[in-house]
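>>> with the input below, show me the fold.
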Amino acid sequence: MRHIRIGVLLAATLFAGTAIAGRRDIVIADFNGLDYGNWSAAGTAFGTGPARGTLPNQMPVSGYEGRGLVNSYHGGDAATGTLTSPEFRVARRYLHLRVGGGQHPGRTGAHLLIDGRIIRSATGSNDERLEWRTWDVSDLAGRKARIQIVDRSTEGWGHINVDEIVQSDRRRGESTEPSPTPQWRPQYHYTPAQNFMNDPNGLVYHRGEWHAFHQYNPFGNRWGHMSWYHAVSRNLVRWEEWGVALQEEDGVQIFSGSAVVDERNTSGFGKNGQPPLVALYTGHRAADNMQSQNLAYSTDRGRTWTKYEGNPVVGWEKDVRDPKVFWHAPTRKWVMAVVKADQKAVRFYGSKDLKEWALLSTFGPEGVPVAQKANWECPDLFPLPIEGEPGKSRWVLHVGMSAGHKNGGSGGEYFIGDFDGTTFHNDNPPDTVLWEDYGKDNYAAISWDNITGPRGERFWVGWMSNWQYANEVPTYPWRNGFTLPRLLSLRRLPEGLRLISLPAPQLTALRGISHRYDAREVTPTNPFVPGRQAWGDALEIEAEFEIGSAREFGIAVRKGEPEETLVGYDSQKGEIFVDRTRSGRNDFSPHFAGRHGGPLPIRDGRMKMRVFVDRNSVEVFGNDGEAVVTDLIFPKLESQGIQVYAKGGAARLVSMRVWKMKTARSR
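Reported below is the predicted structural model:
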C-alpha cells in the first residue's frame with residue numbers, strides 16, 4: 001500500500017500553451033506517508049522514508065506542509081544519496097516545490113530530469129526553513145520527466161530538505177519573480193528555455209548532429225555556477241535542448257572550452273570500435289580564482305559525459321582558460337590554444353593522446369593596444385580558403401576581449417597568418433587591428449570542429465550579448481542567446497586579406513513568403529514604405545543601393561511610434577551601422593543605446609546589405625560579408641514596420657526583397 005500521493009496524469013489534461021482557469025493542481029508528492037512509495041532511494045542520506053520534521057542533532061526545520069518531508073540529514077551532513085521519482089508527464093505551466101537546507105548547487109538540491117538530463121534545478125539557502133521554488137515548465141508540456149533529489153555533499157550544510165511537489169497553472173513562490181517577456185523571445189535564434197547563458201562551448205559535428213554547448217547557470221538568470229548546457233541540431237536551424245551536460249562540482253565551475261571527435265581513439269576512451277567525443281574545458285576554482293584545463297568524454301555520441309579521473313590535464317594557474325583543441329594532421333598531434341588572459345597572450349600546447357600536454361609556443365600581445373583591452377579570452381585557430389584562389393589558404397587566430405572593443409565592452413579581434421604546428425606567425429604588423437564584428441553583441445565566437453563547407457569554410461557562432469549589460473537585459477525566464485550561425489572564408493580586398501562572414505546557408509530553409517521591390521529613388525521627403533504584408537518581427541531583407549548624393553541612407557526596421565532601428569550607411573564616413581538609439585527599451589544600461597558600426601568601402605558606387613531581424617536582434621552583413629554589425633534590440637511587439645530612407649540627398653534603391661522568416665522554435 002502506498003502512503004505517498006503520486007499524480008496520475010491523463011493526456012487530456014496536457015498544458016496547451018496558456019493557463020486554463022479552474023484546473024486542479026496535480027500533487028506529485030507530499031511526503032506525508034510512512035515510506036517513499038515508488039520513489040527510488042540510493043545511499044543513506046534519505047533514510048527509509050520521509051522525516052517527521054527535525055532529525056537528531058539538526059537545527060529546527062520549518063516551512064514544510066503536513067506531517068513529513070524529505071530530509072537528507074539522516075546520519076548528519078556526512079551522509080549522501082539520491083531520491084528519484086517515478087516518471088510523470090508535464091501537464092501544467094508551473095512546477096512548485098518547497099526547498100531548504102544546504103546551498104551547494106549541483107550537490108544538494110532538486111533536479112527536473114528529462115531523458116536523464118538536468119533541465120531545471122533548485123538548491124537550498126543554508127537555512128533549515130523550506131521556501132517555495134517555482135519552475136516555469138510551459139516549454140516542456142507533454143514531456144515525460146522525473147524529479148531527483150540529490151545530496152552529494154559531505155561538508156557543512158551538506159543536506160537538503162524538500163516537500164510538496166505540485167504541478168499548477170498558478171504561479172507562486174517569490175513575489176519578485178519578473179514577468180515573462182515572450183515579445184523578445186527570438187523566433188529563429190537559439191536561446192535556452194530559461195536562465196542565464198553566455199559563451200558557446202564544445203561545438204562539434206558528429207554523425208549528422210551539430211552539438212552546441214554553452215556556459216549556463218542552472219540556478220538563475222544572472223551569471224554564476226557556470227556549467228555546460230547542451231543543445232543539438234540536425235540542420236543547424238532547429239535546436240533540441242538536452243540539458244546540463246557538465247555541472248559545477250566541489251567548488252569547481254565549468255568554464256569555456258571545446259570538443260573533438262577522437263577518430264583515431266588516441267585517448268583510449270573509445271569502445272567497440274566507436275570513437276569517443278572528448279571535451280576540454282577550464283575548471284574554475286572560485287575560492288582562490290585558480291584555473292586548470294580538464295577533460296571529459298562521451299562514448300554514446302554525446303548523450304552522457306564522464307569527467308576524466310586524471311584531471312586536470314594542464315595544472316592550476318591564474319587566468320589561463322578557454323581551451324580550443326583541434327587535430328593538426330601535418331604533425332599528427334592535437335593542438336590546444338588557450339589564453340593567458342591577463343597577459344593578452346595565447347599559448348599553444350601539443351598532445352598525442354589529449355591527456356598529456358606540452359607547451360609549444362606563445363603568441364601575443366598584438367593587435368588592439370594592450371592598455372585598451374581588458375584581456376584575451378575564448379581563442380580559436382583554423383585554416384580558411386581564400387576566395388577565388390583555388391588551393392590557397394591562410395590561418396586565422398581569433399580572440400575575444402571582455403572590454404576594449406571599438407564600440408564599447410566585449411568583442412573579438414582576429415589575426416591572419418600561418419601555423420606550422422608549433423607557432424603562429426602573423427602576416428600583418430603587430431599593431432594591425434582587425435575586428436570580427438562592428439556591433440555591440442557578438443562575443444566569444446568559436447567554430448565547429450569536424451565539419452567544413454564545400455571549399456573548406458568554417459561554421460561558427462557567437463554569444464549575442466555584451467558584458468556591459470549581459471546580466472541586465474530585460475528578458476525572462478531566459479537571458480541571452482546565440483548569434484546566427486555563420487560561414488567564414490577569406491577574401492583578398494584592396495586593403496589586404498580579410499575575414500568574410502556570411503549567414504550559414506542552412507538558414508534559407510526558414511524563408512517563408514517573400515515580397516520583391518523594384519528600383520526607385522528615395523529622398524528625405526519621399527521615403528519608401530513597403531506594404532504591411534512585408535512587415536514583421538522576424539524577417540530577412542536583401543537590398544542594394546546606389547549612393548547618389550545622400551549623406552546617409554538605409555532601412556528602418558521594427559518601426560512603430562516612437563520606435564525604430566536604423567540599418568544604414570554613412571556616405572561621409574564610409575561606414576555601415578546599426579542605430580538603436582530609439583529601438584525600444586534601453587533603460588536597463590547606459591551602455592545600450594547608440595549607433596554602432598565600422599568601415600565598409602564602396603565598390604563601383606553601390607553597396608549591398610543583408611539584414612536579419614528577429615524579435616530582439618538585428619544582424620547586418622554588408623557587401624557579401626565584408627563587414628558585420630550585430631546588435632540586440634527590445635522593441636514593442638507591435639513595432640513591425642519597414643521604411644527605406646535617405647538623409648542629406650537622394651539615394652537609389654536598386655532592388656529589395658523581404659522574406660517573412662518561419663519560427664525555428666518547437667513550441
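
>>> wait, doesn't Pro180 sit right on Trp478?
No. Using C-beta atoms under 8 Å, Pro180 is not in contact with Trp478; the gap is 9.4 Å. The C-beta positions use only the backbone N, C-alpha and C, and glycine is treated the same way.

>>> the more surrounded of these two?
It is Trp478, of Pro180 and Trp478, that has more neighbours when counted by other C-beta atoms under 10 Å, with 21 against 16.

>>> residue contacts, that one?
By C-beta atoms under 8 Å, 6 or more residues apart in numbering, Trp478 lies in contact with 185, 191-195, 197, 221.

>>> got it, and Gly243?
Shown in contact with Gly243 (C-beta under 8 Å, 6+ apart): 113-115, 117-119, 229-230.

>>> please pick the buried ones from those residues.
Buried residues within those, counting neighbours by 16 or more other C-beta atoms under 10 Å: 113-114, 117-119, 229-230.

>>> can I get those in JSON lines including distance to Arg652?
As requested, the buried ones among the contacts of Gly243 are exported to JSON lines (distance: C-beta to C-beta, whole Å):
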{"residue": "Leu113", "distance to Arg652": "59"}
{"residue": "Ile114", "distance to Arg652": "54"}
{"residue": "Arg117", "distance to Arg652": "54"}
{"residue": "Ile118", "distance to Arg652": "56"}
{"residue": "Ile119", "distance to Arg652": "52"}
{"residue": "Tyr229", "distance to Arg652": "47"}
{"residue": "His230", "distance to Arg652": "49"}
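
>>> for Tyr308, see how far away Gly106 is.
Shown here: Gly106 relative to Tyr308, a distance of 18 Å by C-beta to C-beta, to the nearest Å.

>>> higher neighbour count, those two?
In this view Gly106 and Tyr308 are compared by other C-beta under 10 Å, and Gly106 has more residues nearby, 23 against 18.

>>> just the pLDDT for the closest residue to that one other than its chain neighbours.
Leaving aside its sequence neighbours, Gly106 sits nearest to Gln247 (C-beta to C-beta, 6 or more residues apart in numbering; 4.4 Å). For Gln247, the model assigns a pLDDT of 93.

>>> quick one on the thing from earlier: going by distance to Arg520, which of the contacts of Gly243 wins?
Nearest to Arg520 among the contacts of Gly243 is Tyr229, at 47.1 Å by C-beta to C-beta.

>>> OK, contacts around that closest one?
Contact analysis of Tyr229 by C-beta under 8 Å, 6+ apart lists 192, 197, 213-216, 218, 241, 243-245.

>>> please, which helix or strand holds it?
Applying DSSP states H and E as the criterion places Tyr229 in strand 227-233.

>>> now that strand - C-alpha only, PDB.
Taking C-alpha atoms only, strand 227-233 is exported to PDB below (Å, rounded to 0.1, in the frame of the first residue of the first chain):
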ATOM      1  CA  SER A 227      28.100  24.700 -16.200                       C
ATOM      2  CA  TRP A 228      27.900  23.300 -19.800                       C
ATOM      3  CA  TYR A 229      24.400  23.200 -21.200                       C
ATOM      4  CA  HIS A 230      23.800  21.000 -24.300                       C
ATOM      5  CA  ALA A 231      21.700  21.600 -27.400                       C
ATOM      6  CA  VAL A 232      21.700  19.600 -30.600                       C
ATOM      7  CA  SER A 233      20.500  20.300 -34.100                       C
END
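
>>> circling back: okay, who's weakest in the contacts of Tyr229 by pLDDT?
Pro218 (91).

>>> over to it: give its phi and psi.
Pro218 adopts backbone torsions of phi -70, psi -10, taken as degrees, to the nearest 10.

>>> ditto for Leu632
phi -80, psi 150.

>>> now do the one 5 residues further on
Note on Leu637: its backbone torsions stand at phi -60, psi -30 [degrees, to the nearest 10].

>>> ok, Trp184 next?
According to degrees, to the nearest 10, Trp184 has phi -120, psi 10.

>>> and for Thr508?
Taking degrees, to the nearest 10, you get phi -60, psi -20 for the backbone angles of Thr508.

>>> counting neighbours, what do you get for it?
Count around Thr508 with other C-beta under 10 Å applied: 11.

>>> cool, thanks, signing off.
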